[in-house]
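Peer 1: got a predicted model here, sequence first, then my questions.
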Amino acid sequence: MRRFAFLMVSALVLVSLAVPAAQAITESKTGVEYPDVLTVGCNGEQVELVATGAGLREKTILKVDVYTIASYMAKGSDLGADKGAGLVALKAPKQLQMNLRRSFSREKLINAFVEVIEKNYADTSPFKAEMAMFESYFTRDAQDGDVIIFDYCPKSGLTVMLNGEISGIIEKPAFAEALWSVWFGAKPASDGLKADLLKALN
C-alpha cells in the first residue's frame, strides 16, 4: 500500500512539472525565469500554485552565485500578517524550486540546509529521524545545473526531487516546516533572499 501511494505521488508530481505557464517571474541578476503559476497533483486533485517570489543566493564578499530559487503556494492561501512565518506553517500545497549555479560538495549542500534549520529550532529532536532521511537523499556532490524541487502536499508529505527524479518522500509535516524555515524562518539563510521570495505578495 505504501509503495502504491509513493508511485501515485510520483506520477502526480511528474505530470505537474510538465504543465506550462502563460507568464514567468524573473530573477533580476541572472535572468533565470520561473513560471508564475504551476498546476500540481496533490491527494488526487489538481491544485494551482502561485509564485510568491524568486531570488538568488550569493556567498562571500565576492557575491558568488550559488543558486536561484522560486517559491510557490496554493492559490488563495492566507498567510497572515507575517508572510514568512505563514509560509513555514502553511498546511496547504507549496513548492520550492532551486537551480544550482555552481558545483560544490555534498557536505556543503547538506550543511546549507541543516545549519539554518538548527538556527531556527532550539530543539530538532522532533524531526531528527526525518532530518537523517533527508540528508540520505543527497548521495553525490552538487553540480552546476542541478535542479532541486521540494514539493509539499498535505497527507502525502514532502517530496524531494533531483533533476526530475524523486529521491524520496518525508511524511512528517514538522520537517517540511523546518525546511521552509531555511528561507522563511526568523533566521533565514539570507534576509535579502527572504524578501525577494516574498516580493510577489507585497
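Peer 2: Right, received. Where do you want to start?
Peer 1: how far does stretch 27-40 stretch from one end to the other?
Peer 2: When the termini of stretch 27-40 are compared using Cα to Cα, to the nearest Å, they are 22 Å apart.
Peer 1: now that stretch: buried residues?
Peer 2: In terms of neighbour count (16 or more other Cβ atoms under 10 Å), stretch 27-40 has its buried residues at 27, 32, 34, 35, 36, 37, 38, 39, 40. The way it works is simple: take the backbone N, C-alpha and C, and place the C-beta from them, glycine included.
Peer 1: per-residue confidence at the closest residue to residue 172 other than its chain neighbours?
Peer 2: Of all residues not flanking residue 172 in the chain, residue 130 sits nearest, at 5.0 Å (Cβ to Cβ, 6 or more residues apart in numbering). Residue 130 carries a pLDDT value of 98.
Peer 1: wait, a helix at residue 130?
Peer 2: Yes: applying DSSP: H, G, I helix; E, B strand; the rest coil, one finds residue 130 inside a helix.
Peer 1: may I ask which helix or strand of the chain has the lowest mean pLDDT?
Peer 2: Scoring the helices and strands of the chain by mean pLDDT, DSSP states H and E places helix 2-17 at the bottom, with a mean of 42.
Peer 1: what segments of the protein are helices?
Peer 2: Assigned by DSSP state H, the chain shows helices spanning 2-17, 83-89, 106-120, 128-136, 173-184, 191-197.
Peer 1: and among the ones you listed, the most buried is which?
Peer 2: helix 173-184 (a mean of 23; mean count of other Cβ atoms under 10 Å).
Peer 1: gap between that helix and the chain center?
Peer 2: Relative to the chain's own centre, helix 173-184 is displaced by 9 Å; criterion: Cα atoms, centre = their mean, to the nearest Å.
Peer 1: model confidence over that helix, on average?
Peer 2: If you average the pLDDT over helix 173-184, you get 98.
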